[in-house]
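**Q** fold the following, please.
(2 chains)
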Amino acid sequence: MRNPWIYTLFIAPTLLLYGLFFLWPMLSSSYYAFTDWNGLESYRFVGWSNFAEAFGDPDFRRAIVNNLIFIGFSVFVQIPLIVLFALLIASVKRLRGFYKTTVFVPSIVSTSVIGILWGFIYEPEVGPLNRLLALFGEGPIYWLAESEWALPAVLITNAWQWMGFYIVLVLAAILAIPREIHEAAIVDGASGWQRAFNITVPLILPVVSVVVMLSIAGGMRVVDIVLVMTKGGPVGATEVMASYMVNEAMGIDPNYGFGTAIALVIFAFALVLTSLYQFTFGRRMQGGEF
Amino acid sequence: MLLKRAVPHAVLLAYVAAVLFPFVFVVFSSLKGSNVEIAANPFGMPKTWHFENYAEAWVKAKIGVYFFNSVYLSFTSALASTLLAAATAFAIVRMRFRRAGKWIYQTVLIGMFIPGNVLFIAQYLLVMKLGVLNTHWALFLPYTAGALPLGVLLLAAFMKSLPGELEEAAIMDGLSSAGLFVRIVLPLTLPALVTVFIVNFLGAWNEYLLANFFISKDALRTLPTGMVGFRDVFQTNYALICTGIVFSVAPVLVLYAFLQEKIIEGLTVGSVKG
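**A** Residues are numbered from 1 along each chain as shown, chains lettered A, B, ... in the order given. Below you'll find the model as predicted:
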């Protein structure tokens, strides 16, 4: 129990891998972000100019806005639906297991496969969505190729993928509420809706708050779905910060200095947004309600 | 009263239908003869069942190759990461170096707050410097490393809950700490190990960004990137693309059918604690 050699042996591989693939990349990013390194031997320090260039680029500003739209869509559209569906599943006895199991399915499927799958659903000629519209005599819509439709189409796909995951999360919190509380309310004559909104919802606020945090983090991380479905197009309509970073840094003309600067911007955004949320609503929602 | 009870089911069944429709649609389409048939009858079953599409996709699209690569990369990296995390959690929680343990634990957990794509370019440069770009090491190493923080978090919590008399019993039996770890702690931790392994496995199985940029040799591709390449080549043959989707989704669904409780627990617990 006290042998330092064994101790070292047990932790060294983890620390080595962790140091190499987490700590070192953070450090090297903070270094390269201030250079114009493009993969060749020589490079110069360029100060903050990578950051200035990024924020000066309207495409990048649009990517930031799109990230915020992803977060906004999750928080204001998905979360109310998530809570509603979780309440409904908790309210039924029959088929509860079935609902829980099925709604969770999309969250174990690879994002790239989901992108391909939904790309087919949105396909203008043979895709089922346009076939359905055709039944009502509506002309084909090029969902992923028209600027005004591409982002909503990707947002819906993203929501389809992740809602079930959060529903299960919220459902677990609802089912953990002690039965006695509801029984007491029933004795007091509270209706089903009254109990849902005056007992259940306040009691699951801490978990809803976690879902908000995860949605913020998820909205900052989103990239696979965009790369697979639209590659950021048409003309930047679906570009997010991470896809912008990948397209800029890893293209035929690589620019690693610029790319790592974007990576730091993404990290900073994630930190600022989550701590802003924590200090405004999060803390209040997580503490003291019980 | 009956109506009141039917409303939640109606809403939920509609949602379940929306969740399942794409899967059913893909399975039906994968068995259809051509795009014309899909377009003419997008929602129905195929008129004749074209099972040969599956053989064609397996061979033509090298789905077999991608499939094997995914299986073996996900399996090895998940196993390595789970064992390393277990050893680390054991050392942190059960061995007598509390101060060092606390520091290591905190440091490793910071990793959970860094969004994956933030590290992406720096990891690419690292892999290039290590000279393993375009080999499976380029994925095995970051997958193994990337899963460590969550593994350490979950396994440390589990091992903390094991009774404190274990060490005493081990000393009585003359076991070293390594012996205690292998013979007693690992077997007792098995439920948590399985959970962590499954989460790691799914993470590697579904990973796209690194796989897409760290591997360019077709023979080394995994399913997620292989599938995208496949789609880009066979853009016009939707039946064939759908068979590819079925091939890559089916194993996960089979796994899910048997281990749904474990999978749900692993994925959700990790996210709430993280």
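
**Q** can you list the weak-confidence ranges in chain B?
**A** B:1-2, B:270-274 (pLDDT under 70).

**Q** I figured residue B:205 was touching residue B:199, is that so?
**A** No: using CB atoms under 8 Å as the test, residue B:205 is too far from residue B:199 to be in contact (10.7 Å). C-betas here are computed from N, CA, C, even on glycine.

**Q** list residues touching both of those two?
**A** Between them, residue B:205 and residue B:199 share no contacting residue under CB atoms under 8 Å, 6 or more residues apart in numbering or on different chains.

**Q** can you tell me which residue is spatially central in the chain?
**A** Chain wasn't specified; assuming chain A. Nearest to the mean C-alpha position of chain A, counting by CA atoms, centre = their mean, stands residue A:218 at 2.1 Å.

**Q** not quite, I wanted chain B
**A** residue B:202 (0.9 Å).

**Q** tell me who's in contact with that one.
**A** A:108, B:74, B:252, B:263, B:267.

**Q** you'd agree the fourth one is in a helix?
**A** The reference is to residue B:263. Yes: counting by DSSP: H, G, I helix; E, B strand; the rest coil, residue B:263 is located in a helix.

**Q** hang on, the earlier thing: figure out how far the host helix or strand of the residue nearest to the centre of chain B is from the centre of its chain.
**A** Per DSSP states H and E: residue B:202 is located in helix B:186-206. With CA atoms, centre = their mean, to the nearest Å as the basis, helix B:186-206 stands 10 Å off its chain's centre.

**Q** just checking, what packs against whatever helix or strand comes next after it?
**A** Under the assignment DSSP H and E, the closest C-terminal helix or strand after helix B:186-206 is helix B:209-214. Judged by 3 or more CB pairs under 8 Å, 6 or more residues apart in numbering or on different chains; DSSP states H and E, helix B:209-214 is in contact with helix A:224-229, helix B:116-129, helix B:137-146, helix B:223-233.

**Q** and these, which is most packed in?
**A** Counting by mean count of other CB atoms under 10 Å in any protein chain shown, helix A:224-229 has the highest mean neighbour count of the helices and strands packed on helix B:209-214, with a mean of 25.

**Q** what does it rub up against?
**A** Helix A:224-229 has contacts (CB under 8 Å, 6+ apart) with A:111-112, A:114-116, A:118-119, A:144, A:153-154, A:157-158, A:161, A:232, A:238-240, A:242-243, A:246, B:208-209, B:212, B:228.

**Q** from those residues, which land in helices?
**A** A:111-112, A:114-116, A:118-119, A:153-154, A:157-158, A:161, A:242-243, A:246, B:209, B:212, B:228 (DSSP state H).

**Q** show me which residues of the stretch 151-290 of chain A are close to chain B?
**A** A:160, A:164-165, A:168-169, A:172, A:207, A:210, A:214, A:217, A:220-221, A:223-224, A:227-228, A:242, A:245-246, A:249-250, A:256, A:259-260, A:263-264, A:266-267, A:270-271 (CB under 8 Å from any CB of the partner chain).

**Q** quick one: which of the residues you listed sit in strands?
**A** Using DSSP state E, no member of those falls within strands.

**Q** who's in contact with residue A:54?
**A** Per CB under 8 Å, 6+ apart, neighbours of residue A:54: A:60, A:258, A:261-262, A:265.

**Q** any idea how far it is from residue B:50?
**A** Distance, residue A:54 to residue B:50, using CB to CB, to the nearest Å: 50 Å.

**Q** lowest-confidence helix or strand of chain A?
**A** When each helix and strand of chain A is scored by mean pLDDT, DSSP states H and E, helix A:283-286 comes last, with a mean of 64.

**Q** where in chain A is pLDDT low?
**A** For chain A (pLDDT under 70), the answer is A:1-2, A:282-290.

**Q** tell me where chain B has helices.
**A** Listed in chain order, the helices of chain B (DSSP H) span B:2-30, B:35-40, B:52-60, B:63-94, B:98-110, B:116-129, B:137-146, B:148-160, B:165-172, B:177-179, B:186-206, B:209-214, B:223-233, B:238-273.

**Q** how about CSV for these, with distance to residue A:130 added?
**A** Compiled in CSV, these are given as follows (distance: least, CB to CB, whole Å):
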stretch, distance to residue A:130
helix B:2-30, 13
helix B:35-40, 9
helix B:52-60, 23
helix B:63-94, 28
helix B:98-110, 47
helix B:116-129, 32
helix B:137-146, 37
helix B:148-160, 41
helix B:165-172, 63
helix B:177-179, 63
helix B:186-206, 28
helix B:209-214, 29
helix B:223-233, 18
helix B:238-273, 13
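
**Q** and the ones you listed: which comes nearest residue A:42?
**A** helix B:116-129 (15.7 Å; CB to CB).

**Q** list the helices and strands the closest one packs on?
**A** Counting contacts by 3+ CB pairs under 8 Å, 6+ apart, helix B:116-129 is packed against helix A:24-32, helix A:241-249, helix A:256-277, helix B:137-146, helix B:209-214.

**Q** what comes up buried for the last one?
**A** Within helix B:209-214, the residues scored as buried using 16 or more other CB atoms under 10 Å in any protein chain shown are B:209-214.

**Q** then stretch B:70-85?
**A** Those buried within stretch B:70-85 under the rule 16+ other CB under 10 Å are B:70, B:73-74, B:77-78, B:80-85.

**Q** one more: stretch B:16-33?
**A** Buried, per 16+ other CB under 10 Å, within stretch B:16-33: B:16, B:19, B:22-23, B:25-32.

**Q** now tell me what touches it from outside.
**A** So stretch B:16-33 is contacted by A:98-99, A:102-103, A:105-106, A:117-118, A:120-121, A:128, A:160, A:164, B:38, B:41-51, B:53-54, B:238-239, B:242-243, B:245-246, B:249 (CB under 8 Å, 6+ apart).

**Q** do stretch A:94-106 as well
**A** For stretch A:94-106, the surrounding residues in contact (CB under 8 Å, 6+ apart) are A:85, A:89-90, A:92, A:114, A:160-165, A:167-168, A:171, B:9, B:12, B:15-16, B:19-20, B:23, B:253, B:256, B:260, B:264.
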